[in-house]
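Participant: Build the 3D model from these lines:
(one chain, ligands or ions: 1)
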Amino acid sequence: MATINSNFLKLQKSYLFSTIAQKVSAFKANNPDAQLIRLGIGDVTRPLAPAVIEALHKAVDEQASADTFRGYGPEQGYEFLRQAIIDGDFTPRGINIDLDEVFINDGAKSDTGNFVDILGTDNTICVTDPIYPVYIDTNVMAGRAGNFEEGAWDRIAYSPCNAENNFIPALPTTPVDLIYLCYPNNPTGTTLSRTELKRWVDYALANDAIILYDAAYEAYIQDEETPHSIYEIEGARACAVEFHSFSKTAGFTGLRCGYTIVPKEVTAKAKDGSRVSLNPLWNRRQCTKFNGTPYIVQRAAEAIYSEAGKRQVRETIDYYMTNARLMREALTATGLQVFGGENAPYIWFKTPAGVSSWEFFESLLHEAHIVSTPGAGFGPAGEGYIRLTAFGRREDCEEAMRRLKTWMQQS
Ligand code: MLT
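Facilitator: Numbers count the residues shown, from 1 in each chain. Model (predicted):
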């Protein structure tokens, strides 16, 4: 008889954003006239940049002629895009990345989830808390998380980030092998300074750990000091894998494209004690399980790196960051304690004393018709917080802030 992977039975009934979507659908069914404002999942609302649209049209037309038609592409991605990434995102920062260290993906979610395929199930995981749920759920599926007890997985080391520690995670106090860091952070919208990031790189090097660094929001960094890539830190090439996404950078949530950097120096131990480079292993995994991101989408992504593309993408990021500023100011003016939103498109605020994040989420939905994300959905340290995304349309963000102010004054 066929059996299932019983680790899946350990997962919470549904993925965080699916649970929220179900709650919102139920509300909508009972309140069909309610004008909902959706500031929950971080989905973008601005259209794709004209340079991207132009590249898409051109690539589609190429598919219409036998001379320019493309079938299967390289599993690692086309060289034109991998080179554009190196030239656009790394060389200007003084970071050397080889072409065969860049793997084009269909968005960072897939690769952050899939990467653990090549790592042993006996590895111990460390996460900052709260955190993007994909990191934990995929390790639950692989059997690395242990059991869920008292709101946390007993084989995962949590490093809490909250207002009390200024959202700076402490280094692990027990041995860990794989460390997930996401900066600028989803969900808190906070950043890690160069000095703080160096502490983690030094820790990983000293303890033979690997850092899985999610840089999906790096394009939102506004200040000069915050690192955009972990490879800006000395030694990181030997201990870190980095994930990028064009979803938030350039509105590709629907198109699906990003990339993963796997430096050849990153190694892990085999059962016989030898060191194995992760780069060829990941390549082997991708060649077997992935047939590449569509050609037309990779051409669209390449266009982000053209002069016009860079300018247009920057304008869109500025639009969202203006939303973030307006929202921060409005929420602060209502007396809430607000974090993030300065170098990231997420605003993170404390719920009023004694109100849990799910309670606040429900009240906000039912009474002000605003969809948010409850902090507790991102991990135990997210309890008592709410996340709002700045990816909404300007008028929706402004209206949401007006509603929230009125609602807070009434309640
Ligand atoms: C989020 O809202 O946290 C993100 O949009 C989820 C994702 O990128 O998959």
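Participant: what does this structure put close to the ligand?
Facilitator: Proximity of the chain to the ligand, by C-beta under 6 Å from any ligand atom, involves residues 41-42, 109, 132, 186. All C-beta atoms are positioned from the backbone trio N, CA, C, and that covers glycine.
Participant: do that again at 5 Å, thanks
Facilitator: 41-42, 109 (C-beta under 5 Å from any ligand atom).
Participant: Now tabulate these in TSV and tack on neighbour count, secondary structure and pLDDT.
Facilitator: As requested, those are exported to TSV (neighbours: other C-beta atoms under 10 Å; DSSP: H, G, I helix; E, B strand; the rest coil; pLDDT from 0 to 100):
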residue	neighbour count	secondary structure	pLDDT
Ile41	17	coil	94
Gly42	22	coil	92
Lys109	19	helix	94
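Participant: Tell me the one of those nearest the ligand?
Facilitator: Of all the residues of the chain next to the ligand, the ligand sits closest to Gly42, with 3.2 Å by C-beta to the nearest ligand atom.
Participant: Looks like that closest one contacts Pro345 (just checking).
Facilitator: Yes. Counting by C-beta atoms under 8 Å, Gly42 does reach Pro345; the two are 6.8 Å apart.
Participant: Give me the common contacts of the two.
Facilitator: 248, 389, 391 (C-beta atoms under 8 Å, 6 or more residues apart in numbering).
Participant: Please look at Tyr203 and Leu171 and confirm they touch.
Facilitator: Yes. Between Tyr203 and Leu171 there is a contact under C-beta under 8 Å: 5.1 Å.
Participant: Looking at the two now, which is surrounded by more residues?
Facilitator: Higher neighbour count among Tyr203 and Leu171: Tyr203, with 17 against 14, using other C-beta atoms under 10 Å.
Participant: can I assume that one sits in a strand?
Facilitator: No. Tyr203: not assigned to a strand; according to DSSP: H, G, I helix; E, B strand; the rest coil it is helix.
Participant: tell me the pLDDT at it?
Facilitator: Looking at Tyr203, its pLDDT is 98.
Participant: State the number of residues packed around Glu54.
Facilitator: 17.
Participant: tell me the phi and psi of it?
Facilitator: Main-chain torsions, Glu54, degrees, to the nearest 10: phi -60, psi -40.
Participant: Now for the closest residue to it other than its chain neighbours, how many residues are close by?
Facilitator: Nearest residue to Glu54, sequence neighbours excluded (C-beta to C-beta, 6 or more residues apart in numbering): Ala303, at 6.9 Å. For Ala303, the count of nearby residues is 27 (other C-beta under 10 Å).
Participant: What of the one 3 residues further on?
Facilitator: Using other C-beta under 10 Å, Ser306 has 18 neighbouring residues.
Participant: For it, list the residues it contacts.
Facilitator: Ser306 makes contacts with Ala51, as judged by C-beta under 8 Å, 6+ apart.
Participant: How far away from the center of its chain is stretch 147-155?
Facilitator: 23 Å (C-alpha atoms, centre = their mean, to the nearest Å).
Participant: Let the chain start at 7 from now.
Facilitator: Let's use 7 as the start, then, which means that last one is stretch 153-161.
Participant: can you tell me the distance between the two ends of it?
Facilitator: 7 Å (C-alpha to C-alpha, to the nearest Å).
Participant: mean confidence score for it?
Facilitator: pLDDT averaged over stretch 153-161 gives 92.
Participant: Looking at Gly79 now. What's its pLDDT?
Facilitator: The confidence metric pLDDT takes the value 96 at Gly79.
Participant: show me the contacts for it.
Facilitator: By C-beta under 8 Å, 6+ apart, Gly79 lies in contact with 297-299, 301, 304.
Participant: Same check on Pro351?
Facilitator: By C-beta under 8 Å, 6+ apart, the contact list for Pro351 reads 48, 195, 223, 226, 254, 326-327, 329-330, 395-397.
Participant: Out of the residues you listed, which sit inside helices?
Facilitator: By the criterion of DSSP state H, membership of the contacts of Pro351 in helices covers 254, 326-327, 329-330.
Participant: and of the residues you listed, the nearest to the ligand?
Facilitator: Closest to the ligand, out of all of the ones in helices among the contacts of Pro351 and judged by C-beta to the nearest ligand atom, is Lys254, at 7.3 Å.
Participant: Correct me if wrong: that closest one contacts Ala221.
Facilitator: No. In this structure, Lys254 is not within contact of Ala221 by C-beta under 8 Å, at 10.6 Å.
Participant: picking up where we left off before, what's the closest of the contacts of Gly79 to Leu87?
Facilitator: Gln304 (4.7 Å; C-beta to C-beta).
Participant: what is the mean pLDDT for stretch 282-294?
Facilitator: pLDDT averaged over stretch 282-294 gives 98.
Participant: For whichever residue of the stretch 207-356 of the chain sits closest to the ligand, report the pLDDT, please.
Facilitator: The ligand sits closest to Ser253 of the stretch 207-356 of the chain, with a gap of 6.1 Å, by C-beta to the nearest ligand atom. We have a pLDDT of 97 for Ser253.
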